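Asks: I'd like to go over a predicted model; first the sequence, then the structure.
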Amino acid sequence: MSASSVNRRRILSLWLPRLPIDRIQRFFSSAGLVKNNDPSIVVIKDNNALVIHALDEAAERLGLYISQPLANARAMCPDLKVFDADVVADAKTLSDIADWCDRFTPLVALDAPHGLFLDITGCAHLFGGEAALLQTLIRALDRQGFAVSAAIAGTSVCARTLTRQAPGIIVADGGEAAAIDRFPVSALGAGEAITTGLRRAGLKTIGDVASRAPGEITARFGARFSTLLAHALGQGDAPISPRKPLPDYIVEKRFAEPIATDTMIAMTLSRLADTLIASMEKQGKGARRLEAAFFRTDGVVRAIMVETGRPVTQSKVIDRLFRERLDALADPLDPGFGFDMVRLSASRTEIVVQEQRDLDAHVHDNDELAALIDRIAARIGGKRVVVHLPEDTHIPECAVLAAPAQHHLAAAMQAEWPARAESEPPLRPLRLFDKPEPIKVPFATVPDGPPHQFTWRRALHAVVRVEGPERIAMEWWRQDGKQLTRDYFRIEDAEGLRFWIFRDGLYEGEVFDGDGKPASPGWYVHGLFA
């Protein structure tokens, strides 16, 4: 066997021509509603007119067709059952089917609006060969209530053409040109203008077009169509764009009898974790992002992901993280009629750096802290566990950055914060508001003085002690000069409460009324001292 035949690409194309109507009928079936035998169609608005977007087999037998005006269809069939198109729901259904197809290959790409590409290069033998894989996939989708056609070829364009013209065909490597030469030029999907131009030139089939010189085709119809034709004939191919990046490591377990109990699910994940850790250990790597995918027998796929702050090299840690994640799910894992496959993948890995752990107490403490953060993040979400990092800016609300603790723990431990002077009151309040709250100041010492009293949240506060002002000019190179200069004051009222307030804008310098005369600037409270 030659090297070229071993490394050849094999693309399986799926087409669900009745996806919109199949989705609606599946909904009725799952809701327990009895469907009558009336022909059914889905309509969509096109150029201010309702036309057929999808139709079932009964409607097709009556002679109805895609893009036919609804008025004409009703004239042919008064008992027609009509549904409105839902493009978003159709896309969600196609995405769910693509998730289910991950059981065959991790390289699944969308072929919008109602198709998929599966790169099955090197994996068909796991399912008994390409013919067996094709039939398994078609039968499974048929049981789920979808009309489907599929074909396999060496290029995605050729496979896509076959699904529309000769479903079920498996083209051997190098046989793409012969397999599609008799099909009409419209099968290439090049657009109505190019298809019409080819027909006017007397080129009615793909074989007719392929018989002409490539330069002639390019000059007449453009390089894009010439490239499309070459790919259809098996002369090179553009790679498909998988929906998900290929994980670094994948392990999975298939079951002849579906599993449904929590005990079996936990045991399966534990065994997969052992296998995954063993595979990564050979290359000195640990997992930072892990995903467990559960494939139900009815086609539903549930994926659960956990992240870690440090590379994981122990299967017991993976067990604990997924146990925390499963216990905290707002929507519990529903096995339905059981899972027939469980997959564990590491989508992000890092090389493990060996550290001296027996004598270094700090390393031991850091490990325990990182493990605690991982467990909390698995339960409540990684974005809710944060550390604070200093930012190089003097604007109060921007001086601190809240970052996920799992990814910035080391940076937080090494961060340097401004030192506080001993026996001096703090310069910044303990509590800083997300947004400064406006206060009413009846009068203040002009131009730079503090207020004598102010009203905040309907309460009047008499000022007895003041420190300030501390003038902070906004960063004009970032704010485009739109924000005003602030004068901050540390205020204590008669009740002993301490506030951090500021005047927004300089009197007679930045705040003017509609006539261009100086106006009173606004006052805000930005934080509270302990």
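Replies: Now that the structure is in, tell me what you want to look at.

Asks: use CA for all of it now, contacts and neighbours both
Replies: Noted.

Asks: buried ones in stretch 228-248?
Replies: Neighbour-count burial for stretch 228-248, counted by 16 or more other Cα atoms under 10 Å, picks out Leu228, Leu229, Ala230, His231, Ala232, Leu233, Gly234, Asp237, Ile240, Pro242, Leu246, Pro247.

Asks: got a list of what the fifth one touches?
Replies: Okay, so that is Ala232. Contacts for Ala232 (Cα atoms under 8 Å, 6 or more residues apart in numbering) come out as Thr155, Ser156, Val157, Cys158, Thr161, Glu176, Ala177, Leu188.

Asks: cool, and Thr297?
Replies: Pro258, Phe337, Gly338, Phe339, Asp340.

Asks: list phi and psi for the third one.
Replies: The phi and psi torsions at Gly338 (degrees, to the nearest 10) take the values phi 120, psi 160.

Asks: for it, give me its contacts.
Replies: Pro258, Ile259, Ala260, Arg296, Thr297.

Asks: want to try CSV for those, with pLDDT as columns?
Replies: Compiled in CSV, the contacts of Gly338 are given as follows (pLDDT from 0 to 100):
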residue, pLDDT
Pro258, 92
Ile259, 92
Ala260, 91
Arg296, 92
Thr297, 89
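
Asks: Ala49 and Leu70, how far apart?
Replies: 8 Å (Cα to Cα, to the nearest Å).

Asks: between those two, tell me which one has more neighbours.
Replies: Ranked by neighbour count (other Cα atoms under 10 Å), Ala49 and Leu70 place Leu70 first, with 22 against 11.

Asks: before we move on, back to that, now the buried residues of stretch 228-248 in JSON lines, with secondary structure and distance to Val209?
Replies: Putting the buried residues of stretch 228-248 into JSON lines (DSSP: H, G, I helix; E, B strand; the rest coil; distance: Cα to Cα, whole Å) gives the following:
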{"residue": "Leu228", "secondary structure": "helix", "distance to Val209": "12"}
{"residue": "Leu229", "secondary structure": "helix", "distance to Val209": "8"}
{"residue": "Ala230", "secondary structure": "helix", "distance to Val209": "11"}
{"residue": "His231", "secondary structure": "helix", "distance to Val209": "13"}
{"residue": "Ala232", "secondary structure": "helix", "distance to Val209": "12"}
{"residue": "Leu233", "secondary structure": "coil", "distance to Val209": "11"}
{"residue": "Gly234", "secondary structure": "coil", "distance to Val209": "14"}
{"residue": "Asp237", "secondary structure": "coil", "distance to Val209": "18"}
{"residue": "Ile240", "secondary structure": "coil", "distance to Val209": "25"}
{"residue": "Pro242", "secondary structure": "coil", "distance to Val209": "31"}
{"residue": "Leu246", "secondary structure": "coil", "distance to Val209": "37"}
{"residue": "Pro247", "secondary structure": "coil", "distance to Val209": "41"}
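
Asks: farthest pair within the residues you listed?
Replies: Distances among the buried residues of stretch 228-248 were taken as Cα to Cα; the most separated pair is Leu229 and Pro247, at 32.9 Å.

Asks: chain center to stretch 172-191: distance?
Replies: 34 Å (Cα atoms, centre = their mean, to the nearest Å).

Asks: could you tell me the end-to-end distance of that stretch?
Replies: 28 Å.

Asks: which residues sit against that stretch?
Replies: Residues outside stretch 172-191 that contact it (Cα under 8 Å, 6+ apart): 5, 8, 153-154, 157-158, 161-162, 164-165, 171, 192, 195, 198, 203-210, 225, 228-229, 232-234.

Asks: how about the helices in the stretch 401-530 of the chain?
Replies: 405-414, 476-479 (DSSP state H, counting those that start in this stretch).

Asks: now do the longest one: which elements does it pack against?
Replies: Using 3 or more Cα pairs under 8 Å, 6 or more residues apart in numbering; DSSP states H and E as the contact criterion, the secondary-structure elements in contact with helix 405-414 are strand 301-312, helix 361-380, strand 386-390.

Asks: quickly compare those and say which is most buried.
Replies: Stretch with highest mean neighbour count among those: strand 301-312 (a mean of 20; mean count of other Cα atoms under 10 Å).

Asks: downstream of that one, the next helix or strand is which one?
Replies: helix 315-327 (DSSP states H and E).

Asks: just how off-centre is that next one within its chain?
Replies: Distance, stretch centre to chain centre, for helix 315-327: 23 Å (Cα atoms, centre = their mean).

Asks: can you check what angle separates that helix from strand 301-312?
Replies: Taking axes from the mean of the first three to the mean of the last three Cα atoms, to 10 degrees, one finds helix 315-327 and strand 301-312 inclined to each other by 140 degrees.

Asks: in helix 315-327, what's buried?
Replies: Quick answer for helix 315-327 (16+ other Cα under 10 Å): Ser315, Val317, Ile318, Asp319, Leu321, Phe322, Arg323, Glu324, Arg325, Leu326.

Asks: got these as a markdown table, with distance to Phe104 and pLDDT columns?
Replies: Conversion of the buried residues of helix 315-327 to a markdown table gives the following (distance: Cα to Cα, whole Å; pLDDT from 0 to 100):
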| residue | distance to Phe104 | pLDDT |
| --- | --- | --- |
| Ser315 | 26 | 91 |
| Val317 | 29 | 91 |
| Ile318 | 25 | 92 |
| Asp319 | 26 | 91 |
| Leu321 | 27 | 91 |
| Phe322 | 24 | 92 |
| Arg323 | 27 | 90 |
| Glu324 | 29 | 89 |
| Arg325 | 26 | 89 |
| Leu326 | 25 | 88 |
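
Asks: which pair of the contacts of Thr297 spans the longest distance?
Replies: Farthest pair in these, by Cα to Cα: Phe337 and Asp340, 9.3 Å.

Asks: host element of Ser347?
Replies: Taking DSSP H and E as the criterion, Ser347 maps to strand 339-351.

Asks: contacts for that strand, please.
Replies: 103, 245-260, 268-269, 272-273, 276, 284-297, 311.

Asks: below-threshold pLDDT in the stretch 351-500 of the chain: ranges please.
Replies: For the stretch 351-500 of the chain, the stretches with pLDDT under 70 are 354-366, 444-447, 478-482.

Asks: can you give me the strands for the stretch 401-530 of the chain?
Replies: For the stretch 401-530 of the chain, the strands defined by DSSP state E, counting those that start in this stretch occupy 431-439, 453-456, 459-472, 486-493, 498-504, 522-528.

Asks: and of the ones you listed, who's closest to Asp367?
Replies: Using Cα to Cα, the nearest of the strands of the stretch 401-530 of the chain to Asp367 is strand 431-439, at 30.6 Å.

Asks: what about His53, how many residues nearby?
Replies: His53 has 23 nearby residues by other Cα under 10 Å.
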